[in-house]
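1. compute the structure for the input listed below.
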Amino acid sequence: MRPTQAGDRYAAEANGPDLYRMLERMPILAGLPETSIGMLASEARLTRFSRGQTIFRRGTAPTGLYFVIGGSVKLLAQDADGREKVIELFSSGQMFGEIGIFMHSSYRSWAQAVDRCTLVHVERHHVMKAIESDQELSGRMLREVSSRVQKLIDAICTTSSRLGITRVASYLSELSERSHPVTQVQLPAPKRTVASLLSLTHESFSRILRRLIDERVIEMSGRNVTILDRERLKSLVINSE
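-> Below is the predicted model of the structure:
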């Protein structure tokens, strides 16, 4: 399935050089040879999706790789009771869709725009061609997939064995360490969506955030979180292990 028509109408806004510049700023592609990035950019498309719009559906054939230029995307699945469960969130600088194209099977989950988002879509054939011709890119992709699998395993262990406050502390710590240690982070989605990711109810997530605020561990303004006491936040994770 190609990107939806709602995304297609924006494709003409970006030409080859624009797409090249967008892709070379992606962390996973930074520093790669021009030929490798150029191979990806040559058939890339800029697409935009409105809040709540489906990017790909469960059961459809993977078409390629998505790089998030702006906004955020949630990956969803159904739990045992048939309810929607957020399993991953992707924000600017991240990519998704790689597991589908490597497995040669239909999507087992679906992707939806959390808010208005801008993506670069690269067709599967060109992704595989670039990987086959660039050993460094191949290694980076392998590490990225391995890292995501490990995070999903960690999330399962966390959900089954940790208290809610520990899950929240672990998630905030991970956000702050994602690129380099920072004291200010932004939730990539509304609280209700992040709560689903952490297997918490919206009410429980809000109560935990309020507790962390009251204990002067964090401050919040909308989705923006300021970490006031990093050591205390880490202790909430370490003491539960």
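2. tell me the spacing between Phe56 and Thr63.
-> 8 Å (Cβ to Cβ, to the nearest Å). From N, CA and C alone the C-beta is placed, and that goes for glycine too.
3. which parts of the top helix by length along the chain are buried?
-> Under DSSP state H, the helix in the chain containing the largest number of residues is helix 135-161. Residues of helix 135-161 classed as buried by neighbour count (16 or more other Cβ atoms under 10 Å): 137, 140-141, 144, 148, 155, 158.
4. pLDDT score for the nearest residue to Phe102 once chain neighbours are set aside?
-> With Cβ to Cβ, 6 or more residues apart in numbering as the measure, Val145 is the residue that lies nearest to Phe102, at 7.0 Å, once sequence neighbours are left out. The score at Val145 is 89. That number is its pLDDT.
5. same thing with Ser106?
-> Note for Ser106: predicted pLDDT of 88.
6. who's in contact with Phe83?
-> One thing to correct before we go on: residue 83 is Arg, not Phe. By Cβ atoms under 8 Å, 6 or more residues apart in numbering, the contact set of Arg83 is empty.
7. state the distance from it to Leu76.
-> In this structure, Arg83 lies at 10 Å from Leu76, with Cβ to Cβ as the measure.
8. pass me the low-pLDDT residue ranges in this protein, would you?
-> Applying pLDDT under 70 to the chain flags residues 1-15, 158-161, 179-181, 239-241.
9. would you point out which residue is most central in it?
-> When Cα atoms, centre = their mean is applied to the chain, the residue found nearest the centroid is Phe90 (1.7 Å).
10. do you know how far that one is from Leu65?
-> For Phe90, the distance to Leu65 equals 12 Å [Cβ to Cβ].
11. list residues touching both of those two?
-> Residues within reach of Phe90 and of Leu65 at once, by Cβ under 8 Å, 6+ apart, are Phe96.
12. from Ser133, how far out is the residue nearest to Phe102?
-> Distance of Val145 to Ser133, computed by Cβ to Cβ: 19 Å.
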